[in-house]
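Visitor: what would the 3D arrangement of this be:
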Amino acid sequence: MAGSLIERTLRVLETLSSEPEGIPLQRLAERLEIPKSAAHRISNELIRLGYARQDTRTGHYRLSTRLVALGFRYLGSTGASDVLQPILDRLAAETGELVRLGVIEGDRQTWIAKSQGTRTGLRYDPDMGREAPLRFTASGQAWLASLDDAAALSLLARQSDVDPADFGPNAPRTDQALLQRLAEARQRGYTCCVDSSALGTSAFGAVIRHPIKGHTIGVISVAGPSVRLTEQRMHELAPKLLDAVEELSQCSQASQLFPE
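Guide: Alright, predicted model coming up:
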């Protein structure tokens, strides 16, 4: 992997963020396609600065909590917790499922906030702070549906490669199947996915638009076990999702979290 030192360093951080148990130096170098010596220098510098640590038992490199603290500090400074979280909490209580909020910056949609509506029984609660796979998730398809077909396929082509085998049996694995999903979402005003991002999970989502300029600034989705969150139930709950979308749109300018 070619790239500047800054790019390599950021790639190291991104890789460590997906390895909660840590990763050996050799595997880190192989994953990033850089010399082992370069991976060692970058990792040790991150340790010196407090952003990583080395497990004394295994020797694996892991992230420290410093990046997490920075993320929470940033979210707090944007006003997201005060302005946006109550809307997510209410929708989670109304649906009894997991509600997630994603923001769009450039070619990326990243989940940054959530509210869990169920406290007992089956729960769907994936990690936050990661980029949404656009082709396979309800939130990703919602963003794609807000574009025309050509722009949607162009955006997909710029995304990181993912393995279709990692997703559910109903995932749209061809462009033709995806474009059909997007056409249906445009008609309804929201996406609806069953066993797409993963077997046994369902989700529906819609985009949040800038209240004045009208472009897409974020996505909100509701997800849960498919045995409970059936397609019929998603359609029944859709008006509550769209009400939250409108409220988030109007409140978005009170938070610096959303781009202009």
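
Visitor: look at the closest residue to residue 168 other than its chain neighbours and report its pLDDT.
Guide: Nearest residue to residue 168, sequence neighbours excluded (CB to CB, 6 or more residues apart in numbering): residue 195, at 4.1 Å. Just so you know, the C-beta spots here come from the backbone N, C-alpha and C atoms, and that holds for glycine as well. Looking at residue 195, its pLDDT stands at 95.

Visitor: count of neighbours near residue 195?
Guide: For residue 195, the count of nearby residues is 15 (other CB atoms under 10 Å).

Visitor: how close does it sit to residue 188?
Guide: 19 Å (CB to CB, to the nearest Å).

Visitor: just give the nearest non-adjacent residue to residue 152, would you?
Guide: residue 144 (4.1 Å).

Visitor: return the set of buried residues in whichever helix or strand the one you found is part of.
Guide: Secondary structure from DSSP states H and E places residue 144 in helix 138-145. If you call a residue buried by 16 or more other CB atoms under 10 Å, then helix 138-145 has these buried ones: 138, 139, 140, 141, 142, 143, 144, 145.

Visitor: do the same with stretch 48-65
Guide: Of all the residues in stretch 48-65, those buried under the rule 16+ other CB under 10 Å are 51, 52, 53, 54, 60, 61, 62, 63.

Visitor: dump these to a markdown table, plus secondary structure and distance to residue 132.
Guide: Supplementary listing: these in a markdown table, determined by DSSP: H, G, I helix; E, B strand; the rest coil; distance: CB to CB, whole Å:
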| residue | secondary structure | distance to residue 132 |
| --- | --- | --- |
| 51 | coil | 24 |
| 52 | strand | 25 |
| 53 | strand | 28 |
| 54 | strand | 31 |
| 60 | coil | 28 |
| 61 | strand | 26 |
| 62 | strand | 24 |
| 63 | strand | 21 |
